[in-house]
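Engineer: Sequence and predicted model, in that order:
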Amino acid sequence: MKAALLVLVLLVQTVQCQFPHYGASGLKYLNSVRAYLADKQQIANMNKVEYNSDLENVIYSQLLLTGNCPDQKLIYLESNGIPIEVYLKTNVGLDEMDLEFANKFSGGAGKTQMGHVVTRCMVTGYEVKSYAFFTTKDQDLHGAPGSKCPSGRKTTINGLCALEKS
């Protein structure tokens, strides 16, 4: 067990050194997809997703349970009453997803925060891309994008509901 934890710590440091800015560029692309979906599906309360590095630990804990070689899956968890969606082993970047998966992955008005990690399965040598999202229990509301933003959020130019800055 100690050896597994040591390997995980070394792996985390390696991944963070190799991919320090992926979260920001991936997040920008994710939000552009969310704006597109909000427009096409007329979702009035689609939240702009912010990056939360604490979600990386949620992903790592799930990867540890699989020996860092998971099957592709979606896991639903809860932390302090906040729902979390964890997508393990997506094996494609946000720009490479087919429309159906992109809609499930990127859609849903209630997603508010994202974490992302890229690891490598030591058994197969394959890269493993995984994501986690904090979500609210808000359902999609239909109407013009950004017209029904939740309390504490304001409409952005692209129709997403962003946190109001203090």
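Structural biologist: Looks like it came in fine.

Engineer: For residue 113, see how far away residue 133 is.
Structural biologist: 7 Å (CB to CB, to the nearest Å). Where you see a C-beta, it was placed from the backbone N, CA and C, and this is true even at glycine.

Engineer: which stretch of helix or strand covers residue 30?
Structural biologist: Under the assignment given by DSSP states H and E, the secondary-structure element containing residue 30 is helix 22-41.

Engineer: ok, now residue 119?
Structural biologist: strand 111-120.

Engineer: Give me the three-state assignment for residue 108.
Structural biologist: coil (DSSP: H, G, I helix; E, B strand; the rest coil).

Engineer: Tell me how far it lies from residue 137.
Structural biologist: Separation of residue 108 from residue 137 (CB to CB) stands at 11 Å.

Engineer: same question, residue 42
Structural biologist: Residue 42 sits 21 Å away from residue 137 when distances are taken as CB to CB.

Engineer: what about those two, which has more around it?
Structural biologist: A count of neighbours by other CB atoms under 10 Å puts residue 42 above the other of residue 42 and residue 137, at 16 against 8.

Engineer: Tell me who's in contact with the closest residue to the more buried one other than its chain neighbours.
Structural biologist: Of all residues beyond its chain neighbours, the one nearest residue 42 is residue 142 (5.2 Å), with distances taken as CB to CB, 6 or more residues apart in numbering. For residue 142, the residues meeting the contact criterion (CB atoms under 8 Å, 6 or more residues apart in numbering) are 41-44.

Engineer: Roughly how far does residue 142 sit from residue 111?
Structural biologist: Computed as CB to CB, the residue 142 to residue 111 distance reads 17 Å.
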